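In: need a structure here:
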Amino acid sequence: MQLTTFKEKDLPYKELETIGLAAGEKLLLNIDDLKNLLSGRRTGLMQLQNLEAENIKIKSMDAKLSLFHNPAGGTELRIHPIYRKPQRPDYIDEQEADQLIKGSTGYLQKITKDDKGNTKELLVEYDAETREFIISDTDKILAPDMVNGEFLTPAQKEDYRKGKEVELPDKTVFQYAAAEPQGIRSNKLAIIASIVVDGGMSYLMYEGLNALFNKKRDLKMAEQLSPGYHNAVKDAEAQRNTLVPEQVTRGYTRGGATR
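Out: Numbers count the residues shown, from 1 in each chain. Okay, here's the model as predicted:
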């Protein structure tokens, strides 16, 4: 969950049209990729067409996409191509980079300073598909207020923002993971998170989740969802207009681009 979220009306349609992912006001994205974009996450790998940059024209390229706010407040696309070689951030050493690349650790916590000298705490992960290090500012990671109907303590929220595992009384365990398509991992196949928005409760439903990092799970146990989960689903269904990201009602035709 990220503090940075986007509205469909703010999508850079012209940029998307240029690379073959929109036709006029019609998006040619599958629903999962659209949800990831609107939630501030990355899409899956897709083939982009007719890219131009610094007098270089590329007919087609496999890459992931994400959105960001430019200094003027507009929304722009960020393209994440498949790199030939990982570009290591200067605040992690070669041994730490190797741990991420080989999968011996899922994330690193690093303290650094921004251009103004302010201290920043970062979460560093690795995307094996694009060979890219993913950097998350922990201040911009939004921890849920509730999961499966259970309120998280301040300590649990802090652990979540730092990529650590959070366990609930119902034995559900989950952790933030920017490298994951849904931005989260769990020992369960599904969870439902809740956040307080404008005094009301909004719900985020996650299904088909991958297992916790480097941990096997029993499929039967993963399929057993707690009474708290089912009660939260009922609450969400009673308040469908509060689902986040907003429900998408029109069709999207690019079903085979992501892989």
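In: in the chain, which strand is the longest?
Out: Scanning the chain for the longest strand, with DSSP state E as the assignment, gives strand 56-69.
In: got the CA positions of that strand in PDB?
Out: C-alpha atoms of strand 56-69 as PDB (Å, rounded to 0.1, in the frame of the first residue of the first chain):
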ATOM      1  CA  ILE A  56      16.900   6.900 -30.200                       C
ATOM      2  CA  LYS A  57      13.900   5.100 -31.600                       C
ATOM      3  CA  ILE A  58      13.000   1.600 -30.400                       C
ATOM      4  CA  LYS A  59      10.500  -0.400 -32.400                       C
ATOM      5  CA  SER A  60       9.500  -2.600 -29.500                       C
ATOM      6  CA  MET A  61      10.700  -3.300 -25.900                       C
ATOM      7  CA  ASP A  62       9.600  -5.400 -23.000                       C
ATOM      8  CA  ALA A  63       9.200  -3.300 -19.800                       C
ATOM      9  CA  LYS A  64       7.100  -2.500 -16.800                       C
ATOM     10  CA  LEU A  65       5.400   0.800 -16.200                       C
ATOM     11  CA  SER A  66       4.600   2.900 -13.200                       C
ATOM     12  CA  LEU A  67       3.300   6.400 -12.600                       C
ATOM     13  CA  PHE A  68       4.800   9.400 -10.800                       C
ATOM     14  CA  HIS A  69       3.900  13.000 -10.100                       C
END
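In: now the element after it, going C-ward?
Out: Next helix or strand after strand 56-69 toward the C-terminus (DSSP states H and E): strand 75-81.
In: and that following strand, which strands flank it?
Out: Applying DSSP bridges, strand 75-81 is found paired with strand 56-69 (antiparallel).
In: in the partner strand, what's buried?
Out: Ala63, Lys64, Leu65, Ser66, Leu67 (16 or more other C-beta atoms under 10 Å). (Glycine included, C-beta is placed from N, CA and C.)
In: good, we can wrap up now.
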